[in-house]
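1. Quick one: sequence and predicted model below, then my questions.
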Amino acid sequence: TSQEAGGIFHLGLNPAELIQRAARDIRALCHEVHGWAPDVEVPASSAAFHHAPCILSYVTQEILKNSSRAAALAVQAGEDPGHVAVQMVRDRAGLEVVIS
């Protein structure tokens, strides 16, 4: 990744790469704790923006952890858990990341 750091902020941070790393870590954790982990769909994206990766990473991990836990509990209850999906939408207001 070619990111320039300006203090804790990275200029040109690619959220897709950060979310993919977080998803890999959370899937491993969920599999270790619950014996199963949902697929996490993260679209490839070249979108970039200025942000503090430590903050975005923490928030992303917590949301993915909650979603993965809910899916694992659904499997334990005999339900179809589906998967965890990440969407990135860029508009004039900026970039929106939705995890469901």
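-> Thanks, I have it. Residues are numbered from 1 along each chain as shown.

2. Whichever strand or helix holds residue 33 - contacts with which helices or strands?
-> Using DSSP states H and E, residue 33 sits in helix 15-34. Secondary-structure packing of helix 15-34 (3 or more C-beta pairs under 8 Å, 6 or more residues apart in numbering; DSSP states H and E): strand 40-41, helix 53-76, strand 84-91, strand 94-99. Quick note: C-beta positions are derived from backbone N, CA and C, even for glycine.

3. what is the mean pLDDT for that helix?
-> Taken as a whole, helix 15-34 carries a mean pLDDT of 95.

4. May I see the buried residues of it?
-> For helix 15-34, burial by neighbour count (16 or more other C-beta atoms under 10 Å) applies to 15-20, 22-23, 26-27, 29-30, 34.

5. Report the distance from stretch 55-72 to the chain centre.
-> On the basis of C-alpha atoms, centre = their mean, to the nearest Å, stretch 55-72 sits 7 Å off its chain's mean C-alpha point.

6. Need the CA coordinates for it. PDB is fine.
-> C-alpha atoms of stretch 55-72 as PDB (Å, rounded to 0.1, in the frame of the first residue of the first chain):
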ATOM      1  CA  ILE A  55      -9.400   4.300  14.700                       C
ATOM      2  CA  LEU A  56     -11.000   2.900  11.600                       C
ATOM      3  CA  SER A  57      -9.400  -0.500  12.300                       C
ATOM      4  CA  TYR A  58     -10.800  -0.600  15.800                       C
ATOM      5  CA  VAL A  59     -14.300   0.300  14.900                       C
ATOM      6  CA  THR A  60     -14.300  -2.100  11.900                       C
ATOM      7  CA  GLN A  61     -13.100  -5.000  14.000                       C
ATOM      8  CA  GLU A  62     -15.800  -4.400  16.700                       C
ATOM      9  CA  ILE A  63     -18.600  -4.300  14.100                       C
ATOM     10  CA  LEU A  64     -17.200  -7.300  12.300                       C
ATOM     11  CA  LYS A  65     -16.900  -9.100  15.600                       C
ATOM     12  CA  ASN A  66     -20.500  -8.400  16.500                       C
ATOM     13  CA  SER A  67     -21.800  -9.500  13.100                       C
ATOM     14  CA  SER A  68     -19.700 -12.600  13.100                       C
ATOM     15  CA  ARG A  69     -20.800 -13.600  16.600                       C
ATOM     16  CA  ALA A  70     -24.500 -13.100  15.700                       C
ATOM     17  CA  ALA A  71     -24.000 -15.300  12.600                       C
ATOM     18  CA  ALA A  72     -22.200 -18.000  14.700                       C
END
